[in-house]
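A.B. asks: Next one to model:
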Amino acid sequence: MLGPDPVQDSLTDPPALHARAMDNLRFIRDTMERAGSFTAVPGWGGVAMGLTVLAAAPLAALQPTASRWLAVWIAEAVVAVAISSSAVIRKARHGGTSLLAAPAQKFALSLSPPLVAGALLTVVLYRAGLADRLPGIWLLLYGTGVVAGGAFSVRIVPVMGLCFMLAGAAALFGPAAWGTWFMAAGFGGLHVLFGALIAKKYGG
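C.D. replies: Residues are numbered from 1 along each chain as shown. Purely as a prediction, here's the structure:
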């Protein structure tokens, strides 16, 4: 009875060991990336935000004045903040992520300044009679904040932010009459798309 063929083993073992080593390195890399990243970005929360935007857009389009149009979007922003806040808290608790940890704080500190700038510019542009430029400003600054915060999160987040910035640029240079639909495509469509991707890859 013949024993194991050492030549055959030498041909098959190294590739198998190499594959296992690569799998282990990939696991270690992903673990280290997640350990230093804010991973509580909500996937299904983003989908829910996007759906509320898609519902608000037709209502905003029906408003006869800029003030009423703006009121619809401010109300939608309040709803979106409530959804995102509760979704982040729920995902952080489920994943054992502390919202007081360094990655979460860095994410929040990077995201917040562009949002504050957007709120201030909203007042200025509305008073100047330039409310039709707000969709581009909102999308661009939101995308800027997401890109900045995404540096401390998983890799798909800054990509999402870049898409928001591109949508904002298109809205700024596109026809003003299309502003509401840029809002629907950006805050609605992109949130639904990337929210679903984040939920699938990184959990709810």
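
A.B. asks: For Cys163, give me its contacts.
C.D. replies: Cys163 is in contact with Gly143, Leu190, Phe194, counting by CB atoms under 8 Å, 6 or more residues apart in numbering. Glycine gets a C-beta too; all of them are placed from N, C-alpha and C.

A.B. asks: That one and Phe187: what is the separation?
C.D. replies: Here Cys163 is placed at a distance of 11 Å from Phe187 (CB to CB, to the nearest Å).

A.B. asks: about what we covered before: which of the contacts of Cys163 tops the neighbour count?
C.D. replies: Gly143 (25 neighbours; other CB atoms under 10 Å).

A.B. asks: Within the helices and strands, which one has it?
C.D. replies: helix 134-150 (DSSP states H and E).

A.B. asks: Who are the packing partners of that helix?
C.D. replies: Applying 3 or more CB pairs under 8 Å, 6 or more residues apart in numbering; DSSP states H and E, one finds that helix 134-150 contacts helix 102-127, helix 156-173, helix 179-183.

A.B. asks: Out of these, the one nearest Thr65 is which?
C.D. replies: Closest to Thr65 of the helices and strands packed on helix 134-150 is helix 102-127 (CB to CB; 11.4 Å).

A.B. asks: Show the average pLDDT along the closest one.
C.D. replies: Per-residue pLDDT over helix 102-127 has a mean of 89.

A.B. asks: what's the answer for stretch 65-81, then?
C.D. replies: 96.

A.B. asks: which residues sit against that stretch?
C.D. replies: 49, 52-53, 56, 59-60, 63, 122, 126, 129, 131-132, 134, 180, 183, 187.

A.B. asks: try stretch 50-60
C.D. replies: Residues contacting stretch 50-60 (CB under 8 Å, 6+ apart): 69, 72-73, 75-76, 79-80, 83, 180-181, 183-184, 187-193, 195.
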